[in-house]
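can't give you the sequence, but here's the structure:
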């Protein structure tokens, strides 16, 4: 369960860094970043809840795929944030 919490915190940090690169941090773009976080965190949150409620003795492949998907999206968001930061304000 701690891996899931750490993954969600890193995803939130990547979204925060993306939010910091926005020129207008209070408009529609900021709302879009928040909605993007909620949409991307939903599958992992649901599968974590399902894994917590139903303790099956076998491997949970869905939870592993959700973790890999979330880490891939986090890496992509972090890369976009770094590129936007290096390009500077427009």
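Received the coordinates, thanks. Nothing here was measured: the structure is a model prediction, and the numbers come from that model.

State the phi and psi torsions of the spatially closest residue to residue 84 that is not a sequence neighbour.
Spatially, and ignoring its direct neighbours in sequence, residue 84 is nearest to residue 21 (4.0 Å; Cβ to Cβ, 6 or more residues apart in numbering). Where C-beta positions appear, they are placed from N, C-alpha and C, glycine not excepted. Per-residue torsions, residue 21: phi -90, psi -10 (degrees, to the nearest 10).

burial measure for residue 21, as a count.
Look at residue 21: counted by other Cβ atoms under 10 Å, it has 19 neighbours.

Is it correct that it is in contact with residue 81?
Yes. Contact criterion Cβ atoms under 8 Å: residue 21 and residue 81 qualify, at 5.7 Å.

so residue 22 makes contact with residue 32?
No. Taking contacts as Cβ under 8 Å, residue 22 lies outside contact range of residue 32: 9.3 Å.

Report the central residue of the chain.
Centroid check for the chain by Cα atoms, centre = their mean gives residue 11 as the closest residue, at 3.3 Å.

where does that residue land on pLDDT?
On pLDDT, residue 11 comes in at 86.

tell me which element it is part of?
Secondary-structure assignment from DSSP states H and E places residue 11 in helix 2-20.

roughly how far is the helix or strand hosting residue 78 from the heart of the chain?
Residue 78 belongs to helix 61-87 when assigned by DSSP H and E. A distance of 7 Å separates the centroid of the chain from that of helix 61-87, by Cα atoms, centre = their mean, to the nearest Å.

helices or strands next to that helix in the packing?
helix 2-20, helix 28-53 (3 or more Cβ pairs under 8 Å, 6 or more residues apart in numbering; DSSP states H and E).

and the residue nearest to residue 19 when sequence neighbours are not counted, how many neighbours?
Leaving aside its chain neighbours, residue 19 sits nearest to residue 33 (4.9 Å; criterion: Cβ to Cβ, 6+ apart). Counted with other Cβ under 10 Å, residues neighbouring residue 33 total 19.
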